[in-house]
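[1] sequence and predicted structure below; questions after.
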Amino acid sequence: MKRLFLTGASSGIGLAIAKALNARGDEVWGTSRDPGRVPQLPRLHPVRLDLSDPNSIDQSFKTALSEAGHFDVVINNAGSGHFGAAEHLSEAEIQSQFQILVFGQLQLMRLAMAEMRERGHGLIINVTSLASSLPVPFMAAYNAAKAALAAYTMSLQLELPDSNVRIVDLQPADISTGFNDAVPKNVDHDARYQEQVAKTWSAVERNMKNAPPPELVAKHALRLIDSTNPPPRIIVGDAFQSKVAPLIFRFLPQRIRVWGLKMYYGI
Ligand SMILES: NC(=O)c1ccc[n+]([C@@H]2O[C@H](COP(=O)([O-])OP(=O)(O)OC[C@H]3O[C@@H](n4cnc5c(N)ncnc54)[C@H](OP(=O)(O)O)[C@@H]3O)[C@@H](O)[C@H]2O)c1
């Protein structure tokens with residue numbers, strides 16, 4: 001039986017992971033900004049956490065840790081997006097994305113690592129995104145924040161001396177969740193972008209609808225948790241997005257990559 005701290009356990013990927021862990025008897029401290037949204041299940045302990053508030057991050061991890069005693073695994077999954085032209089993103093919007101998707105996650109990772117390094121054992125899974133290398137148009141701050149967390153994760157993998165504390169970058173491709181429903185759209189104030197914005201959003205919605213369910217990510221997360229030597233990075237999604245596209249992109253010049261992504265989103 002493992003003890004895990006899992007952010008964003010109230011919906012989508014986090015909820016699927018929480019349920020899968022619960023079904024096999026693991027003990028999970030699962031977070032939401034409103035703990036009432038975390039399902040009532042035995043061994044699933046709801047924790048309040050708001051990644052936009054550093055005090056909340058500190059408090060929720062420390063409270064959960066004092067209840068749990070230790071964490072074998074910490075999964076940094078919670079996150080949200082935005083939609084709007086990069087040219088017009090406000091400082092506040094960019095900062096908010098970086099707080100939620102980078103600084104908040106790093107704060108949690110530091111807290112988790114301090115405890116795991118002391119015990120000499122543990123696994124941290126950072127849920128970034130395929131968008132870290134194949135960016136989605138009109139989600140510039142999201143793409144950039146996910147790329148920052150992916151690079152930070154890889155830096156830690158380079159630096160960590162041989163130890164049983166492992167860090168994995170789990171990159172979902174499109175996964176069918178309610179993620180888009182929570183995305184604030186800031187798209188109205190520049191008519192020059194209207195057509196591309198509309199085309200991109202319909203492609204994003206279509207991709208999401210046809211995407212695999214979050215249980216696929218849960219299945220891979222459980223495999224990572226059970227592995228004695230987990231891979232540093234995995235991409236999870238349908239075969240085209242998770243295998244074919246990243247492989248082709250690796251060998252293409254940047255000009256063709258940009259062209260290919262524009263074709264993919266129809267803009
Ligand atoms: N779905 C995809 O296609 C996809 C693709 C690539 C990467 N991802 C990544 O996968 C992760 C999970 O996304 P999902 O698709 O499962 O979306 P989701 O269904 O919208 O779930 C997001 C989770 O994050 C929590 N959350 C959102 N903002 C938060 C904040 N400020 N502080 C604390 N918790 C917050 C939500 O909890 P509350 O609202 O209850 O607080 C919810 O549990 C995210 O990091 C996302 O970027 C998703």
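    Right, received. Where do you want to start? Numbering: from 1, shown residues only.

[2] so Pro54 sits right up against Gln105, yeah?
    No - the criterion here is CB atoms under 8 Å, and Pro54 misses it with Gln105 at 11.8 Å. In short, each C-beta sits where N, CA and C put it, glycine included.

[3] tell me the centre residue of this structure?
    Val127 (3.2 Å; CA atoms, centre = their mean).

[4] quick check: it vs Leu252, distance?
    For Val127, the distance to Leu252 (CB to CB, to the nearest Å) stands at 26 Å.

[5] after the helix ranked longest in the chain comes which helix or strand?
    Identified as the longest helix of the chain according to DSSP state H is helix 140-159. Toward the C-terminus, helix 140-159 is succeeded by strand 164-172 as the next helix or strand (DSSP states H and E).

[6] so which elements touch that following strand?
    Judged by 3 or more CB pairs under 8 Å, 6 or more residues apart in numbering; DSSP states H and E, the packing partners of strand 164-172 are helix 104-119, strand 121-127, helix 140-159, helix 214-226, strand 233-236.

[7] any chance of these in JSON lines, with distance to Leu49 and mean pLDDT too?
    Output for the helices and strands packed on strand 164-172, formatted as JSON lines (distance: least, CB to CB, whole Å; pLDDT from 0 to 100):
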{"stretch": "helix 104-119", "distance to Leu49": "9", "mean pLDDT": "96"}
{"stretch": "strand 121-127", "distance to Leu49": "15", "mean pLDDT": "97"}
{"stretch": "helix 140-159", "distance to Leu49": "17", "mean pLDDT": "98"}
{"stretch": "helix 214-226", "distance to Leu49": "18", "mean pLDDT": "98"}
{"stretch": "strand 233-236", "distance to Leu49": "23", "mean pLDDT": "98"}
